[in-house]
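> coords below, sequence missing:
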Ligand SMILES: NC(=O)c1ccc[n+]([C@@H]2O[C@H](COP(=O)([O-])OP(=O)(O)OC[C@H]3O[C@@H](n4cnc5c(N)ncnc54)[C@H](OP(=O)(O)O)[C@@H]3O)[C@@H](O)[C@H]2O)c1
């Protein structure tokens, strides 16, 4: 007889492509019922149709609409049962030109990457704390380690997300709820297409999903995936500011 799934019901925000899609596929394959959340309903429905019958449900949702989160959560719970896992894998990383300083673009990045994460994680925390169990996973990035020239708002959103998740983890430590921060390095997904990432340092979305779920099953952790990126982040943090500002990374 196959082992029972680690989680009964999961909500995966950002399930229409890349890492979120891969996480949803792995969860469904292990017997977890999954709510697939993102804006592109056509992709979510196609994904749901490719999963075992009854394994998934679809919710079209814009991560910038934090006020809608309680109602979406409620409707998932009514259909699938109490979610005991939230994975926030939503994110955007638009290109920022060397002479571009766009508040509109920066706001969009922060709304999707950070405020959306806060809205979903707060809702999860509230409900999981009451239930006395559950796992909250935030997909952050190694990019949160330093403020880099290429992606100012993206780096900011990830650094802030790390701090927010750490606070949640500390608040929920004795309440039976695990809060997991995942900081991937390079992952081959639509987000990184055309960026020319070095193939040897890049993992597939499925491998990333495997590592995310493995770490999440262990409880509250803050990890780089693969682990070697922790060393990269350490080195990045040690570069003095006067040196760092001369670099183009
Ligand atoms: N790929 C990497 O190398 C890498 C490295 C470190 C961290 N990450 C992080 O991993 C996460 C997933 O990225 P990915 O590489 O898998 O990118 P991706 O393939 O582009 O997927 C991004 C997901 O976010 C969703 N999304 C974007 N804007 C949204 C919005 N306004 N509302 C709701 N959903 C929205 C997309 O769905 P819709 O467009 O359908 O809404 C999609 O499902 C991101 O947080 C990213 O920062 C990625």
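All right, it came through fine. Computed from a predicted structure; not experimentally measured.
> tell me the average confidence for the longest helix that the chain contains?
Secondary structure of the chain per DSSP state H: the longest helix is helix 152-172. Averaged over helix 152-172, pLDDT sits at 98.
> repeat for stretch 29-49
pLDDT averaged over stretch 29-49 gives 98.
> returning to what we had before: if you count neighbours, what's buried in the longest helix of the chain?
Across helix 152-172, burial judged by 16 or more other C-beta atoms under 10 Å covers 152-162, 164-165, 168-169, 172. For the C-beta atoms, the positions are set from N, CA and C on the backbone; glycine is no exception.
> again with stretch 53-69
Neighbour counts over stretch 53-69 (16+ other C-beta under 10 Å) mark 55, 56, 57, 58, 59, 61, 63, 64, 66, 69 as buried.
> Spell out whether the longest helix of the chain and the ligand are in contact.
No: judged by C-beta under 6 Å from any ligand atom, helix 152-172 makes no contact with the ligand; its nearest approach is 6.8 Å.
> residues in contact with that helix?
With contacts defined as C-beta atoms under 8 Å, 6 or more residues apart in numbering, helix 152-172 is touched by 91-93, 96, 105-106, 109-110, 113-114, 117-118, 121, 125, 128-129, 136, 138, 140-141, 143-148, 178-181, 183, 220, 222.
> what angle do the next helix-or-strand element following that helix and helix 152-172 make?
For helix 152-172, the succeeding helix or strand toward the C-terminus, using DSSP states H and E, is strand 177-184. Strand 177-184 runs at 150 degrees relative to helix 152-172, counting by axes from the mean of the first three to the mean of the last three C-alpha atoms, to 10 degrees.
> What mean pLDDT does whatever helix or strand comes next after strand 177-184 get?
Where DSSP H and E defines the elements, the next helix or strand beyond strand 177-184 is strand 186-188. For strand 186-188, mean pLDDT is 98.
> tell me which strands and helices strand 186-188 is in contact with?
If you count contacts as 3 or more C-beta pairs under 8 Å, 6 or more residues apart in numbering; DSSP states H and E, strand 186-188 packs onto strand 202-204, helix 205-218.
> Nearest to residue 42 among these would be which one?
Closest to residue 42 of those is helix 205-218 (C-beta to C-beta; 19.2 Å).
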